[in-house]
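Peer 1: Predicted model and sequence below, questions to follow.
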Amino acid sequence: IIWLVFGYSIAFGDGGSFNAYFGNLDNILMGNITEGTMAGDIPESVFAMFQMTFAVITPALIVGAFAERMRFSAMLLFSALWLVVVYAPITHWVWGGGWLGEMGAPRDFASKLQTGTGASHTKSFIRYLKEFEFEKPLGEHAKNQRLIYEPKGVCALITPWNWPMNQVTLKVIPALASGCTMILKPSELAPLSAMILAELIDEAKFPKGVFNLVNGDGATTGDALTSHPDVNMISFTGSTRAGALISQNAAKDFKRVSLELGGKGANIIFKDADAEAIERGALRCFRNSGQSCNAPTRMLVEKSMYGEAIERLKKYTNEFKVDDPKKEGEHIGPVISETQYNKIQTLIQKGIDEGAKLVAGGPGKPEGMNDGYYVKPTVFADVNNQMEIARTEIFGPVLSVIPFETEEEAIEIANDTDYGLTNYIQSQDSEKIRRLARKLRSGMVDVNGAGIAVDAPFGGFKHSGIGREAGKEGLLEFLEVKSVGGWS
């Protein structure tokens, strides 16, 4: 009777409290591994599975009861519950995509960009490795002088949660290619894709001990790795604060250090920018829910088109979609965790308190998105570069718009930051573009949405880090160069 009444309400009714229970289970399996993301709605796959098992098991239970075959009935009931409670949610997570469950990236974004960039970096490193000379003459002028490139040794690789597999491949692949041994510590908020990579490396039959994976947080595991005397090199991607602490650990015994840290990129938009520059800049800021170190979070707009730009940003942002990451299409999902959500909300409120004009978005969650750490895409106008929202890396979908009058003023504002990762220029004037590209203090400059090539050096000036990742320079980060005189 309990099975019939309870089961019927589940399979064909609105679900009631059972719906809330399975919603929480789905949240654990898909989101809260990373303090994450998912709404408290029972997955459709679970509904379908329950409907199927209810339809099949109910007649068997009735027949079994009347036939006094209770042992058989109990077995069927156990099987049904196993299918619903264990099998369906787990397959729902697996087929839903790892990054979707790890850090809330929408399905299409995760499969095309999160996965695609990691694969592209791997292919790029293989291409450079095939051509790389680990021993070569210094040059035609000194043929008896030899350069030998040797692995740096044991490397501690510490990766972030915002682009999980992209950042892992930028470290693991060149470390393997250069002949180093390594310990990878992925972010404790997004470790699952790295664990799958570990399985692939094991299947590829790398010698035991070459690649090692250790899970843990930064304060305990990260600190132990970066201060261990047997570690020769540290490659870290993450916050500037953590980068400073790692550098202190490394300094004790002069470990080699490569750091890819934060950013506060300026997107300089001149009046001769192309027709899509404003909207493209907002998209690049909001993409990945604003959780990218190279996001153009400061939009510098020439005053003659400032009013038009604000109206376009208002329209674009108000129409920008925030939705369930399980859905297909172009939208952003939740941010990684409650901690990150609260930080973003605090800084949005700080922008209001400092007197910036709120054009779109603002505090709180988007309408209808109460379950999960969803953030409204937010635009502030009339920002000056001394406000906290213009100086702090918010790591959320928050854009600060700053007017400028002259090219020189734009350069001054863009460079007036502790960071120097990526800046952006929007103009059709080639000479102006080249002048600015030379004067901007950043490791990368993206012009008119061209993007940075997958094998171009990735890294920054100032507090944005030390060293470069990707391509040939990324391989060299894991090599020591030795000079030998009198080789021939």
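Peer 2: Arrived safely.

Peer 1: Helices of the stretch 101-250 of the chain, start to end?
Peer 2: For the stretch 101-250 of the chain, the helices defined by DSSP state H, counting those that start in this stretch occupy 107-109, 115-131, 164-178, 192-203, 223-227, 240-251.

Peer 1: what's the last one packed up against?
Peer 2: With contacts defined as 3 or more CB pairs under 8 Å, 6 or more residues apart in numbering; DSSP states H and E, the secondary structure elements packing on helix 240-251 are helix 223-227, strand 233-237, strand 256-260. For the C-beta atoms, the positions are set from N, CA and C on the backbone; glycine is no exception.

Peer 1: Could you list the low-pLDDT ranges of this structure?
Peer 2: Applying pLDDT under 70 to the chain flags the ranges 1-101.

Peer 1: helix, strand or coil for Trp487?
Peer 2: Look at Trp487: counting by DSSP: H, G, I helix; E, B strand; the rest coil, its state is coil.

Peer 1: you'd agree it is up against Ala142?
Peer 2: No. Applying CB atoms under 8 Å, one finds Trp487 not in contact with Ala142, separated by 9.5 Å.

Peer 1: quick one, which of these two is more surrounded?
Peer 2: Trp487 (15 against 12; other CB atoms under 10 Å).

Peer 1: excluding its backbone neighbours, what's nearest the more buried one?
Peer 2: Once flanking residues are discounted, Trp487 sits nearest to Arg146: 3.8 Å by CB to CB, 6 or more residues apart in numbering.

Peer 1: Report how many residues lie close to the one you found.
Peer 2: Every residue meeting other CB under 10 Å relative to Arg146 is counted, giving 17.

Peer 1: What's opposite it in the beta bridge?
Peer 2: Applying DSSP bridges to Arg146 gives these bridge partners: Pro137, Val484.

Peer 1: So the most centrally placed residue in the chain versus Ser289, what's the distance?
Peer 2: The centroid of the chain falls nearest to Asn162 when counting by CA atoms, centre = their mean (2.0 Å). Remark: distance between Asn162 and Ser289 (CB to CB, to the nearest Å) = 9 Å.

Peer 1: And Glu473, how far from Tyr128?
Peer 2: Taking CB to CB, one finds Glu473 at 10 Å from Tyr128.

Peer 1: What of Glu102?
Peer 2: From Glu102 to Tyr128 the distance is 29 Å (CB to CB).

Peer 1: cool, Tyr419 as well?
Peer 2: 28 Å.

Peer 1: who's more crowded, the two?
Peer 2: The neighbour comparison of Tyr419 against Tyr128 (other CB under 10 Å) goes to Tyr419, with 24 against 18.

Peer 1: OK, contacts around the more buried one?
Peer 2: Under the criterion of CB atoms under 8 Å, 6 or more residues apart in numbering, the contact list for Tyr419 reads 240, 261-265, 393, 442, 460, 462-464.

Peer 1: Over to it. Which of the three states is it?
Peer 2: Taking three-state DSSP, the label given to Tyr419 is coil.

Peer 1: Over to Ala456?
Peer 2: What three-state DSSP gives for Ala456 is coil.

Peer 1: One more: Pro403?
Peer 2: strand.

Peer 1: wait, isn't it in contact with Met305?
Peer 2: No. Between Pro403 and Met305 there is no contact, the gap being 9.7 Å when judged by CB under 8 Å.

Peer 1: Neighbour count for those two, which is higher?
Peer 2: Pro403 (22 against 18).

Peer 1: ok, the more buried one to Glu199 distance?
Peer 2: On the measure of CB to CB, Pro403 and Glu199 end up 52 Å apart.

Peer 1: Then Val210?
Peer 2: Counting by CB to CB - Val210 and Glu199 are separated by 15 Å.
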